[in-house]
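**Q** just to be clear, the model below is a prediction. Sequence and coordinates:
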Amino acid sequence: MQCPHYDAGRCHSCTLLEIDYPTQVLDKERHVAALLAPVLADKSADGSTDSSTDLSTGSALTWLPPVSSAESAFRNKAKMVVSGTVAEPVLGILDRAGHGVDLTDCGLYPDALQASFAPLAAFVTRANLEPYQVSGVGKRAQQRGELKYLLVTLSPDGELMVRFVLRSQEAIARIRKHLASLQAELPALAVASANIQPAHAAVLEGDLEISLTERTTLPMRIDDITLDLRPQSFFQTNTAVATELYRQASAWVSEFDPSSVWDLYCGVGGFALHCAAPGRAVTGIEISAEAVAAASGTVEKLRDGVGAARFRDVTFAAGDATAFAIGPDAPELPEMVIVNPPRRGIGTDLAQWLETSGIEHVLYSSCNATTLAKDLAAMPSLRPVRARLLDMFPQTSHYEVLILLERV
Ligand SMILES: C[S@@+](CC[C@H](N)C(=O)[O-])C[C@H]1O[C@@H](n2cnc3c(N)ncnc32)[C@H](O)[C@@H]1O
């Protein structure tokens, strides 16, 4: 992928841009294999098995061929820092000197996302949304302006969700007043909301979300399941690769045909719903109440549709994944567990619980192989038997890896 911003030294986000794409994927395979090698060697030393990280042979651990992505235009979400002025807003990033860099033509975004930026910039001017800026440092730091970010998500069917991240509610009335004109210019706009983030902090969003449209969920269709996305919920960045991820998880779960599955860190229910089957109880646990509300709404709709029997016993609840598993109110043990934690991994407590739980099969989907390796080291009785790298984030060193663990 060629990028004028990278070539000019304006943007450094795509750290692998100079490496051809097949080599990027190969390097990622080598990276994850190297990180897992000590864990596999340890498990082998336990006398449990003859493990291997050899990508070509794979004796105990079999690596499936990696899932590659489109090299460009694969991101379904844009996080645009808003800088510049009301008259001339700049949507993109801040460079190292704090100057706005216009990234509305960033090659990672599909055409439909790119096309939304000009109407959004015009709206910033029309609704008089002053870009947020800080001058000075420490106690002398002065904050000005209201609009911090525009977060734009594109659904597989071409609809958009736009979130205005604001310093306060000062601009809400103006946004409401002019919203119809934005919808006229951007008919794909289905869901709009404002997130209030008063703190001058690295944390992107605040707790308060104010709906601006009648519709509050963006339908994200993946194969035969349409997940509902709400503003304060996570969604995998690359819809095409996420589709492969859920297909692979569902295929591995089906092989064992468990009667009960927990999907821990379930988000809006991608794994849980794709792994649902008639007669199978599936429980999704997730910290974000909004994501759980979205997932619960999705399952209700699916129960009204064709193949309803598959979703009869799928439930979602808000809470901490570890507290759910370990806590006194934990329900009966499931036959299989899926975990898909944030970058920090599942952590020692949940790993130790899984280690001693007696559960035969665990599916671990990780976006950070370093924490994955650490978690696996804490579960010596759960041996990685199959793995697949899914390149969710081309042009960067990040990737997703799905691993099937089996009790030895
Ligand atoms: C990598 S995302 C995966 C979401 C989902 N599995 C998917 O495929 O879209 C991790 C999720 O874990 C949730 N999360 C973070 N901390 C958590 C916790 N302590 N307990 C449960 N869920 C948590 C986040 O809100 C986020 O939705």
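**A** Thanks, I have it.
**Q** could you look up the SS state of the residue nearest to D391 when sequence neighbours are not counted?
**A** Leaving out its chain neighbours, the residue that sits closest to D391 by C-beta to C-beta, 6 or more residues apart in numbering is S69, at 4.8 Å. Every residue, glycine included, has its C-beta placed from N, CA and C. Three-state call for S69 (DSSP: H, G, I helix; E, B strand; the rest coil): coil.
**Q** how close does S69 sit to the ligand?
**A** Going from S69 to the ligand by C-beta to the nearest ligand atom, to the nearest Å gives 16 Å.
**Q** what does D42 give?
**A** 26 Å.
**Q** now swap in I346 and tell me
**A** 9 Å.
**Q** that residue contacts D375, doesn't it?
**A** Yes - applying C-beta atoms under 8 Å as the test, I346 and D375 come out as touching, 5.2 Å apart.
**Q** neighbour count for those two, which is higher?
**A** The neighbour count for I346 versus D375, taken as other C-beta atoms under 10 Å, is higher for I346 (28 against 24).
**Q** follow-up on the earlier one: what's the overlap in contacts for I346 and D375?
**A** Y364 (C-beta atoms under 8 Å, 6 or more residues apart in numbering).
**Q** for the stretch 1-150 of the chain, what spans make up the helices?
**A** 4-7, 21-45, 111-126 (DSSP state H, counting those that start in this stretch).
**Q** now those in CSV, with mean pLDDT and mean neighbour count?
**A** Formatted as CSV, the helices of the stretch 1-150 of the chain follow (pLDDT from 0 to 100; neighbours: other C-beta atoms under 10 Å):
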stretch, mean pLDDT, mean neighbour count
helix 4-7, 95, 15
helix 21-45, 90, 17
helix 111-126, 98, 19
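**Q** with distance to A173 added, can I get those helices in CSV?
**A** What follows is these, written out as CSV (distance: least, C-beta to C-beta, whole Å):
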stretch, distance to A173
helix 4-7, 36
helix 21-45, 47
helix 111-126, 14
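**Q** can you report how many residues lie near the nearest residue to T371 once chain neighbours are set aside?
**A** Nearest non-adjacent residue to T371, counting by C-beta to C-beta, 6+ apart: G345, 3.0 Å away. Residues near G345, counting by other C-beta under 10 Å, number 23.
**Q** G345 reaches Y364, doesn't it?
**A** No - the pair G345 / Y364 is not scored as a contact, 9.2 Å apart, by C-beta under 8 Å.
**Q** which neighbours do the two share?
**A** L372, D375.
**Q** for V101, see how far away the residue nearest the centre of the chain is.
**A** Centroid-nearest residue in the chain, with C-alpha atoms, centre = their mean: Q236, separated by 3.3 Å. Distance, Q236 to V101, using C-beta to C-beta, to the nearest Å: 26 Å.
**Q** equivalent analysis for G307, please.
**A** Distance of G307 to V101, given as C-beta to C-beta: 47 Å.
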